[in-house]
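Peer 1: compute the structure for the input listed below.
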Amino acid sequence: MRVHFQRDLDRLNERLLTLSSEVESDVRSAVCAFEERKESIARQVVEHAVRIHGLEVEVEDDCLKILALHQPVAADLRYVIVALKINQSLKRIGNQAVHIAKRGLFLCGQPSLNIPFRLGEMADKAQAMLKKVLDAFVNGNSTAAREVCVEDGEIDTIHREILEQAKASIRQNPSLLEPLLQIMHTSRHLERIADQATNIAEDLIFLIEGRIVRHTKEVSDETGRS
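Peer 2: Residues are numbered from 1 along each chain as shown. You can find the predicted model right below:
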């Protein structure tokens, strides 16, 4: 019985890692499509959403099968619960990648626009957070997960700054309303990717340490002491 249980756990882990890799790739491609106005890449991200949704359903089915057939306890139960939560976060990140790609498609049909905001920096930081937390998941690194939680605050600050700058630019030049709205929306999508990366980090800490740190000061306090 344990052999079958381990086989199902291994399959779940493999599918979750595959989903993680493909979602991370979609985020990179979506950002590239937006920043460089690559229409073909943007369309690939949008079309790939079907694959992401299919993987997400498979991971959820694996989790429910394990819960129903094997009734795991202790660390095994914790892993399945966290896998379900990470699966949902990855699905949402994939959705944000599609939204960014669609913003890029819109801009492909617009005149060139100089973007003086920190959008590129924000995109780099959000992608770095996602990569760090997914690497932390693979390596079981709760220290890296805590660092991701702390880094989310900087993303929020940049997002607020971009929104204020974009609003000011719209007031000065109303003809740029539509492209500037795309920038504002994209900033919001990147901020949500960072939020989901933080959720994964918090779930990972629970998986490794058995401690719930969401909505507490524990993560920032402990990271500050490290």
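
Peer 1: worst-scoring helix or strand of this protein, pLDDT-wise?
Peer 2: In the chain, the helix or strand scored least confidently by mean pLDDT, DSSP states H and E is helix 218-225, which has a mean of 52.

Peer 1: quick check: which ranges of the chain have low pLDDT?
Peer 2: 1, 115-116, 215-226 (pLDDT under 70).

Peer 1: let's see that with 80 instead.
Peer 2: Applying pLDDT under 80 to the chain flags residues 1, 111-117, 214-226.

Peer 1: where along it do the helices fall?
Peer 2: 2-36, 39-70, 74-108, 119-139, 142-172, 177-209, 218-225 (DSSP state H).

Peer 1: can you redo the ones you listed as TSV with mean neighbour count?
Peer 2: C-beta coordinates here come from the backbone N, C-alpha and C atoms, glycine included. Formatted as TSV, the helices of the chain follow (neighbours: other Cβ atoms under 10 Å):
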stretch	mean neighbour count
helix 2-36	18
helix 39-70	16
helix 74-108	20
helix 119-139	19
helix 142-172	17
helix 177-209	22
helix 218-225	13
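
Peer 1: quick one: N141 and Q44, what's the gap?
Peer 2: 31 Å (Cβ to Cβ, to the nearest Å).

Peer 1: ugh, wrong one, L69
Peer 2: 37 Å.

Peer 1: can you check C63 too?
Peer 2: Taken as Cβ to Cβ, the span from C63 to Q44 is 29 Å.

Peer 1: try K91
Peer 2: For K91, the distance to Q44 - Cβ to Cβ - is 18 Å.

Peer 1: got it, and V73?
Peer 2: 43 Å.

Peer 1: next: A97.
Peer 2: Distance from A97 to Q44, by Cβ to Cβ: 11 Å.
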